[in-house]
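Just a sequence and a predicted model for now, questions to come.
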Amino acid sequence: MRVLCLDIGDVRIGVAVSDPLGISTNGIETHRTEGQEKDVLYFTEMARSRGCERIVLGLPLNMDGTEGDRAALVRSFGAALEEKSGIPVDYEDERLTTVEAEEMLIEAGLSRQERRKVIDKVAAEIILRSYLNKK
């Protein structure tokens, strides 16, 4: 089952997709947000064109595991995306994924400017890998 994963931020959305068997992940882009309605249409088309059977959104929980305002925004986006696409949406804890992505990119020797361009899609890959490992 191919899965699309989104790491939703205020300005950028990191995007990753799994292979059809749900074994490997690939960061495919960092999308600049254009507002919920346009973004929902964009990702609906992306999921359909790639044959995704499920969409996973990184859920920004507080460090104590509770949901705050950011989590509510992500859930609102997820509900709109599921309604528009007809594809089930799941949520995966994304705590510290950006930190993990940053550390990986630093170890790879990327400059701050290079890291900024790819960190969101790397974080989406980490979220997706975590989701797939649980399945």
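Noted; the coordinates are in hand.

can you map out the helices along this protein?
Per DSSP state H, the chain carries helices over the ranges 36-49, 69-85, 97-107, 112-134.

contacts for the lowest-mean-pLDDT helix or strand in the chain?
Confidence across the helices and strands of the chain bottoms out at helix 97-107, with a mean of 84, counting by mean pLDDT, DSSP states H and E. By Cβ atoms under 8 Å, 6 or more residues apart in numbering, the surrounding residues in contact with helix 97-107 are 7, 58, 114-115, 118-119, 122-123, 126-127, 130. No exception for glycine: its C-beta is placed from N, CA and C like everyone else's.

just to revisit the earlier point, out of the helices of the chain, which one sits most buried?
Burial among the helices of the chain, expressed as mean neighbours by mean count of other Cβ atoms under 10 Å, is greatest for helix 112-134, which shows a mean of 19.

of all the contacts of helix 97-107, which comes closest to Thr30?
Nearest to Thr30 among the contacts of helix 97-107: Val118, at 6.8 Å, using Cβ to Cβ.

quick one: pLDDT of the closest one?
Reading off the confidence values, Val118 has pLDDT 86.

again with Gly9
On the pLDDT scale, Gly9 is placed at 91.

can you check the one 5 residues further on too?
The model reports Gly14 with a pLDDT of 96.

where in this protein is pLDDT low?
Low-confidence segments of the chain, defined by pLDDT under 70, are absent.

How far does the least confident helix or strand of the chain sit from its chain's centre?
Here helix 97-107 is found 15 Å from its chain centre; the criterion is Cα atoms, centre = their mean, to the nearest Å.
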